[in-house]
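1. Sequence first, then the predicted structure:
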Amino acid sequence: MKVRTMVLVRGRVQGVAFRHHTARTAARHNVSGWVRNLADGSVEGCFEGEEDDVRAMVQWCRRGPEAARVDELIEKAGQYTGECTGFSIRYGDE
């Protein structure tokens, strides 16, 4: 079953290649979507794909890359749309 999940990750998650590593992990799990830095220092992501693969992405975000420190992860399930093709790193409010 295909699902969509949004995540908000707080902690030391900017300046540690969090977005880059998220994109690489998404490719390994065949997950579509995007990731971006927010002005408050957190990282937001949207993941779409098979349920097990999206869950693996959320679990990965709970740890992040080696240099990151994840203090909080907020997860919100959404309706799968299929609008995402591939995985992108977004900049600003795109």
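-> Received the coordinates, thanks.

2. what distance separates the helix or strand hosting Glu48 from the centre of its chain?
-> Using DSSP states H and E, Glu48 falls within strand 43-50. Strand 43-50 sits 5 Å away from the centroid of its parent chain (CA atoms, centre = their mean, to the nearest Å).

3. That strand: which residues count as buried?
-> Going by neighbour count (16 or more other CB atoms under 10 Å), the buried part of strand 43-50 is Val43, Gly45, Cys46, Phe47, Glu48, Gly49. Heads up, the C-betas are built off the backbone N, CA and C, glycines and all.

4. ok, now how distant is Ser88 from Val3?
-> 19 Å (CB to CB, to the nearest Å).

5. again, but for His20
-> His20 sits 24 Å away from Val3, taking CB to CB as the criterion.

6. Look at these two and report which has more neighbours.
-> Val3 (17 against 12; other CB atoms under 10 Å).

7. contacting residues around that one?
-> Glu48, Gly49, Glu50, Glu51, Val54, Ala77, Tyr80 (CB atoms under 8 Å, 6 or more residues apart in numbering).

8. And the residue nearest the centre of the protein?
-> Centroid-nearest residue in the chain, with CA atoms, centre = their mean: Gly45, separated by 3.6 Å.

9. Find the nearest non-adjacent residue to that one, please.
-> Val35 (4.2 Å; CB to CB, 6 or more residues apart in numbering).

10. just Ser42 next, same as before
-> Arg10 (4.7 Å).

11. shaky segments in this structure?
-> Low-confidence segments of the chain, defined by pLDDT under 70, span residues 93-94.

12. how about 90 then?
-> Low-confidence regions of the chain, defined here as pLDDT under 90, cover residues 84-85, 91-94.

13. From the chain's centroid, how far away is stretch 62-78?
-> Counting by CA atoms, centre = their mean, stretch 62-78 is centred 8 Å from the centre of its parent chain.

14. oh sorry, the question was meant for stretch 45-65
-> Relative to the chain's own centre, stretch 45-65 is displaced by 6 Å; criterion: CA atoms, centre = their mean.
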